[in-house]
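Peer 1: Next comes the sequence, and after it the predicted model I'd like to discuss.
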Amino acid sequence: MTRTFDPRVFQLGYVALGVGDLPRSQTHYCEVIGLAEAARDSSTVYLSVGAEHHNLVLRNADDKALLHLGYQLKPETEIGDFIRDVEAFGLSAERKTDSQPGIADLVEVVAPGGNVFQFYADASIGPGFRRTGVAPMRLGHVAVITPEAGKLRAFYEDFLGFHYTDDIGGIATFMTCNRDHHVVNLVGLPQSRVHHIAFELSDNADHSKACDTLAAAGLPTLWGPARHCAGHNLAGYHYDPDRVMVELYTQMDVYVPATGIYEPRPWHRQNPLRPQSWRPEQMTNWETSFGFDLVTA
Ligand SMILES: [Fe+2]
């Protein structure tokens, strides 16, 4: 289904996680994944893939937690108008000035299921790519488990203007605000947590380098790398030190909102390929199987 209006946001800017051991998590994300520290205070570090001020926020917490997601608004957005629209949609919005480094002005919205969003139009540039460790190109998407998946999907689609791009068994729903197959994956289950965060690699050769880097750090690759059916991304998954699942991927399907189809690829089994419902057992386009169950992870 094509949306009747353009998405209000164009990318996932950052994910904020509560972590049990901040120095341990920072060491992992900086030395193994290759992110750069952009800023810090007593309880929080702001890490960047390179180009943007921060893409991952780590905050000391008693238990691991998904704290909030940061989405970047289209540049021409008037913050006052955006707040008015949030309130007209039936949610409250809190404007925060100088609440975090790199982002002077943002709007915080608590969406269904207690999911916290931060929306901002402008951010400082990042500290630059470090080209060490896994060295991803960008933060690409997040998968969130929530008991309020239906209401949260409505917020993404009806308010933010995301496009539905696929689902798996009606349980996992993929949506996008740009040309990536998905920027968010909502999983409807009676839990509230992050399922995984995903960084894009520059090409498939990086998968083997990344797996070697992770193995050298004592972190096994749990699933893949293999090509998914929904999204057709070549994806591999591992746990970070808090057992938050992290995906590294390349070659994700490119969605063309104007046509409602994906750019064709040789590995597609349908032509044209359109958004659809995949069966839960269709986890890999190659029909490979792995001991680690990605569905129940
Ligand atoms: Fe993913």
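Peer 2: Everything's here; your move.
Peer 1: can you give me the helices in this structure?
Peer 2: Along the chain, counting by DSSP state H, helices occupy 22-27, 79-88, 149-154, 205-216.
Peer 1: Quick one: closest of the ones you listed to Gly128.
Peer 2: Counting by CB to CB, Gly128 lies closest to helix 22-27 out of the helices of the chain; the figure is 17.8 Å. C-betas here are computed from N, CA, C, even on glycine.
Peer 1: At the contact with the ion, which residues of the stretch 1-150 of the chain appear?
Peer 2: Contact residues, the stretch 1-150 of the chain versus the ion (CB under 5 Å from the ion): none.
Peer 1: remind me which residues of the stretch 1-150 of the chain are low pLDDT?
Peer 2: 1-4 (pLDDT under 70).
Peer 1: burial of Ser277, as a residue count?
Peer 2: Each residue near Ser277 was counted by other CB atoms under 10 Å, and the total is 12.
Peer 1: Next, count neighbours for the residue of the stretch 51-200 of the chain found nearest the ion.
Peer 2: Closest contact between the stretch 51-200 of the chain and the ion, by CB to the ion, is at Ala198 (4.4 Å). Applying other CB under 10 Å, we find 26 residues neighbouring Ala198.
Peer 1: Test my guess that it contacts Met245.
Peer 2: No - counting by CB atoms under 8 Å, Met245 is not a contact partner of Ala198; they are 9.3 Å apart.
Peer 1: For the residue lying closest to His68 once chain neighbours are set aside, name its beta-bridge partners.
Peer 2: Spatial nearest neighbour of His68, chain neighbours left out: Val116 (3.8 Å); criterion: CB to CB, 6 or more residues apart in numbering. Using DSSP bridges, the bridge partners assigned to Val116 are Val110.
Peer 1: would you turn the helices of the chain into TSV with mean neighbour count?
Peer 2: Converted to TSV, the helices of the chain look like this (neighbours: other CB atoms under 10 Å):
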stretch	mean neighbour count
helix 22-27	16
helix 79-88	14
helix 149-154	17
helix 205-216	16
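Peer 1: In a markdown table: the ones you listed, plus distance to Ser124.
Peer 2: As requested, the helices of the chain are arranged in a markdown table below (distance: least, CB to CB, whole Å):
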| stretch | distance to Ser124 |
| --- | --- |
| helix 22-27 | 20 |
| helix 79-88 | 17 |
| helix 149-154 | 29 |
| helix 205-216 | 27 |
